[in-house]
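# mind folding the following:
(chains A and B)
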Amino acid sequence: MGNKKTKSKHNSNGNRPRNGARAGNPHGGTAALGRPVERSSTMGNNSPNAGFRTYSIPDYRLEHPDFTVRQHTEKDRQGHEHVRYEVEGNLDSPVPPIRDSKYLDKKQCIEIYRWMLINRKMEVALENLYKQGKVVGGVYFGLGQEACSCASAYALDKDDWFAPMIRNQGSLLVRGFRASDIMMQYMAKADSPTKGRDGTSHFGDIEKRNMVSPISMLGDLIPVLSGVALGARLQGRNIAVMTYIGDGGQSTGVTYEGINFAAVQNLGLVLFVESNLWAYSTPSEMQYRCKDLAERAIGYGIPGVIVDGTDACQVYDAGREAVDRAHRGEGPTLIEAKMMRMKGHAIHDAASYVPKPMLEFWKKRDPIARFENYVVKEKKWLTAKENEALITEVEEVIEAEREIAVNSPMPTPESAEGGVFCEDGCHEIKPKYGMPKVKKGTGSYKETEAAVHLK
Amino acid sequence: MQLTYLEAIRQGIWEEMDRDPTVFCLGEDIGIYGGAFKVTDGFIDRFGPERVIDTPIAESAIVGAAFGASLTGMRPVAEFQFMDFIGCAFNQISNMVAKTHYLWGAPAPLVLRGPSGGYVHGGPFHSQNPEMWFVHNPGLKVICPATPYDAKGLIKSAIRDNNPCIFFEHKYLYRRIKEEVPAEDYVVPIGKARVAREGKDLSIITYAAMVHTALEAAEILSKEGIDLEILDLRTVSPLDREAIAQTVKKTNKVIILHEHSRTGGLAGEIAAIINEEAFDDLDGPVVRIAGLDSAVPFSPPQEHHYLPKVEDVVRESRRLNAY
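Numbers count the residues shown, from 1 in each chain, chains lettered A, B, ... in the order given. Next comes the predicted model:
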């Protein structure tokens, strides 16, 4: 405003070279996941492929399962036709080893192993509570996805934020919620984090654990977490904000809006795309057309990477590198974790639509069995006896948590009332990471000229 | 000083950004361009691009990001270029933002604001009054000012409020009305109606641009000896039940006037409140004047037909007065 001298300053709102104008070094975030990733390069003029660009997506998996699910019509004995899913491809490949982590030491691996055990044993306890009629509504399981939930959340620092999806109960445990918190949510108890007002993993904590509550609609957390990073940045902090989306949930429009917003604003979003192959009963083949969802990252102009979601070390390493990028202010990362949802959508769903050979294939890739083998047999970080003791300890923890949850009362009917608004004295609103430092331009207030649109 | 309705809003946001470093703006074309209606004109030069953020055309991302930032203790002010486009962010507002405090105790001090309303030949997607989509969403405050004084006082209240506030600016009023606004800091409380005109014969309960329609009708009717009282709601959620009951108890006859479609409109809710609070005081039926049950049509004669007019208020007032 009235400034004669034009100064060009880098700011959060762009000023980065765009496609075409850049020399192989796109965006501020150069070292994608710790190493330079050439995401766009145009072949030289002499090349037969002149004019074509190539992109690369790092894939850290030690195997590349190759099969597809398709709809198939079969006849029963009476000659009636039924449409079923069938799987085609190589389902006999051997289980790959765990990839050694670049960062995790022995103690940390055992800790992640313990979190995965707590995650699973808690879900077993929940299943039993359901069968005893103590759960209100359904139960959602993360069976087969424990490595992704636990090792991802383990990569966050204390000041970072996260938001789980329904199956990421392991993330909640790693970030400091108790198993009884989750159990009480399922049982709609008075002492649950939402005091009975919502169930499942639908709760949050903006004070201590920096968690945003999920809602049932998919994808909406992505712009919200981006906004958390924006708020922190205005307060002078580059934080990582981690959330998850499934291969089903990523179909929503708000997923695109959220990732794109984080990309444009260069915010520290760490998005785990959990490709667990089934969205309720719909296979990923009917959800998207590209080969791997990590490829979407190219379109967003951000780094994308593929990991084996049943390998805790791969999940952690990718998560850690993305978190580090976020802390350096280098922007978002999309991590596709490949695995399979090993139970139905919720407890009522027997998942009979899943072809048996597919289930068998992924059963052999159970993340906990693989990691147990890695820690006990391969690395010999735990003796058989120590492992047994650990499992017993976890079972005791879960039993104690179950007791707490079961003994919590149901909320009173009247407790349905109140709390719709934040009233006076209810919460103090203050910047979490300190008052933003305000730079004021020279522009002073003056009345604006005539409106433009729709007089 | 004399300020237009638009200038009052602009000054209100400017002063809040000056006062509180946690206040920032985001929206489409609000930066260098200054917003489609120039509400944030000059803001980027004064407050910098960090606090005046041009976003992609992505309403869900705008609301989501505003909400996320509010969770860290910021006070975002998000602009919708037209309030018609708020529908694109409906899920984010209704299921994420509105429910957050009730469900998990997180306050969301954010403001969603933008131009709404007809009478400018904007067509079906630039003329709507979508406030009722949000009145039916517990957890949101819905504000619809009618005057420059209230617009400035209410935008300041909304920014300082610890709850999500949706602030509907009537685009017909932006530069058509001007009034004296104090230079010193002041706020207008959310949830309180005001009597825009004292009268004894019958009450018009209304808000936003319709306040001025009612005032015009009152001038015409005063020559016939019909004395209208006009209650300007200012906030449509939460409603000022007390003020509604009070005016009914005073005049015993009531017309509810609003621009949006009749069915499921605010008048139905207010009629129910009158039933609950002041049924015995009624000397005639509760009358509704509202937009047609259709989209807002584009062509001026059609739009004119769709929207409530001074002559509608005059006609219905005469009818009810004679009742």
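
# other residues contacting stretch B:311-321?
If you take Cβ atoms under 8 Å, 6 or more residues apart in numbering or on different chains as the criterion, stretch B:311-321 is touched by B:201-202, B:204, B:213-214, B:216-217, B:220-221, B:224, B:226, B:228, B:253, B:255, B:257, B:284-285, B:287, B:289. Backbone N, C-alpha and C define where each C-beta goes, glycine included.

# narrow these to just the buried residues.
Applying 16 or more other Cβ atoms under 10 Å in any protein chain shown to the contacts of stretch B:311-321, the neighbour count classes B:201-202, B:204, B:213-214, B:217, B:221, B:226, B:228, B:253, B:255, B:257, B:287, B:289 as buried.

# ok, of those, which one's closest to chain A?
Closest approach to chain A among the buried ones among the contacts of stretch B:311-321 (Cβ to the nearest Cβ): B:Thr213, at 18.7 Å.

# mind telling me what element the closest one is part of?
For B:Thr213, the enclosing helix or strand under DSSP states H and E is helix B:209-222.

# the next helix or strand after that helix pairs with which strands?
Downstream of helix B:209-222, the next assigned helix or strand under DSSP H and E is strand B:228-232. Within its sheet, and counting by DSSP bridges, strand B:228-232 is paired with strand B:194-197 (antiparallel), strand B:202-206 (parallel).

# need these in a markdown table with mean pLDDT, can you?
Below are the strands paired with strand B:228-232 laid out as a markdown table (pLDDT from 0 to 100):
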| stretch | mean pLDDT |
| --- | --- |
| strand B:194-197 | 98 |
| strand B:202-206 | 98 |
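
# so which of the ones you listed is the most packed in?
strand B:202-206 (a mean of 29; mean count of other Cβ atoms under 10 Å in any protein chain shown).

# got the contact list for the closest residue to B:Thr147 other than its chain neighbours?
Counting by Cβ to Cβ, 6 or more residues apart in numbering or on different chains, B:Thr147 lies nearest to B:Glu179, which is 6.1 Å off, once chain neighbours are set aside. Contact partners of B:Glu179, counting by Cβ under 8 Å, 6+ apart, are B:Gln2, B:Leu3, B:Thr147, B:Pro148, B:Tyr149.

# quick one: which two of those residues are the most distant?
Farthest pair in those (Cβ to Cβ) is B:Gln2 and B:Thr147. Separation: 12.5 Å.

# ok, those two, which is more surrounded?
Counted by other Cβ atoms under 10 Å in any protein chain shown, B:Gln2 and B:Thr147 do not tie: B:Thr147 has more neighbours, with 24 against 9.

# isn't that one up against B:Tyr5?
Yes. B:Thr147 sits in contact with B:Tyr5 when judged by Cβ atoms under 8 Å, with a separation of 7.1 Å.

# overlap of the contact sets of the two?
Counting by Cβ under 8 Å, 6+ apart, the residues touching both B:Thr147 and B:Tyr5 are B:Ile177.

# hmm, A:His427 and B:Gly73 touching each other?
No. With contact defined as Cβ under 8 Å, B:Gly73 does not count as touching A:His427 (9.9 Å).

# give me the more crowded residue out of these two.
Using other Cβ under 10 Å, the more surrounded residue of B:Gly73 and A:His427 is B:Gly73, with 24 against 17.

# up against chain B, what does the stretch 301-450 of chain A have?
Residues of the stretch 301-450 of chain A that fall close to chain B, judged by Cβ under 8 Å from any Cβ of the partner chain: A:419-422, A:426-427, A:429-433, A:435-450.

# what average pLDDT does whichever strand or helix holds A:Glu393 get?
Following DSSP H and E, one finds A:Glu393 within helix A:384-407. For helix A:384-407, the mean per-residue pLDDT is 98.

# so what touches it?
Residues contacting helix A:384-407 (Cβ under 8 Å, 6+ apart): A:110, A:113-114, A:117-118, A:121-122, A:125, A:129, A:134, A:178-180, A:183-184, A:187, A:189, A:372, A:375-376, A:382.

# please redo it, this time with the cut-off set to 7 Å
With Cβ atoms under 7 Å, 6 or more residues apart in numbering or on different chains as the test, helix A:384-407 has contacts from A:114, A:117-118, A:121-122, A:125, A:134, A:178-180, A:183-184, A:187, A:189, A:372, A:376, A:382.

# how big is the angle separating the lengthiest helix in chain A from helix A:384-407?
Assignment by DSSP state H gives helix A:106-131 as the longest helix of chain A. Angle, helix A:106-131 to helix A:384-407, by axes from the mean of the first three to the mean of the last three Cα atoms, to 10 degrees: 40 degrees.

# which parts of the chain are strands?
I'll assume chain A. Taking DSSP state E as the test, the strands found in chain A are A:41-42, A:53-54, A:66-75, A:81-90, A:161-163, A:241-246, A:269-275, A:278-279, A:282-283, A:304-308, A:333-338.

# correction: the question concerned chain B.
Using DSSP E, strands in chain B cover B:2-4, B:23-27, B:52-54, B:75-79, B:111-116, B:141-143, B:165-170, B:178-180, B:194-197, B:202-206, B:228-232, B:235-237, B:254-261, B:287-291.

# export the strands paired with strand B:228-232 to JSON lines and tack on distance to A:Lys102?
Formatted as JSON lines, the strands paired with strand B:228-232 follow (distance: least, Cβ to Cβ, whole Å):
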{"stretch": "strand B:194-197", "distance to A:Lys102": "66"}
{"stretch": "strand B:202-206", "distance to A:Lys102": "67"}
